[in-house]
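Novice: Following is a predicted model, sequence given first.
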Amino acid sequence: MLHGPTITGIIGPNGAGKSTLLKGMLGIIPHEGQA
């Protein structure tokens with residue numbers, strides 16, 4: 001949980017799923033299903 005004004009970043013190598021994580025959190029793509 002973040003309190004107050006905070007700058008948060010996600011770092012990792014290419015292909016690690018950073019964008020996919022954000023899209024799942026925003027509901028742009030489903031985060032449940034078959035893999």
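Specialist: Arrived safely. Here the structure is a predicted model, which is why all the values come from computation and not from measurement. Numbering: from 1, shown residues only.
Novice: could you point out where this structure is predicted with low confidence?
Specialist: Residues of the chain meeting the criterion pLDDT under 70: 2, 31, 33-35.
Novice: for it, what spans make up the helices?
Specialist: 18-26 (DSSP state H).
Novice: residue boundaries of the strands in it?
Specialist: In the chain, no strands are defined using DSSP state E.
Novice: Tally up the residues packed near the residue nearest to residue 22 when sequence neighbours are not counted, please.
Specialist: Excluding its sequence neighbours, the residue lying closest to residue 22 (C-beta to C-beta, 6 or more residues apart in numbering) is residue 10, at 7.1 Å. Just so you know, the C-beta spots here come from the backbone N, C-alpha and C atoms, and that holds for glycine as well. When counting by other C-beta atoms under 10 Å, one arrives at 10 neighbours for residue 10.
Novice: wait, residue 10 sits on residue 21?
Specialist: Yes. Contact criterion C-beta atoms under 8 Å: residue 10 and residue 21 qualify, at 6.7 Å.
Novice: Count residues in the vicinity of residue 23, would you?
Specialist: Counted with other C-beta under 10 Å, residue 23 comes out at 14.
Novice: how about it, what does it touch?
Specialist: The neighbours of residue 23, taking C-beta atoms under 8 Å, 6 or more residues apart in numbering as the test, are residue 29.
Novice: Roughly how far does residue 17 sit from residue 3?
Specialist: 27 Å (C-beta to C-beta, to the nearest Å).
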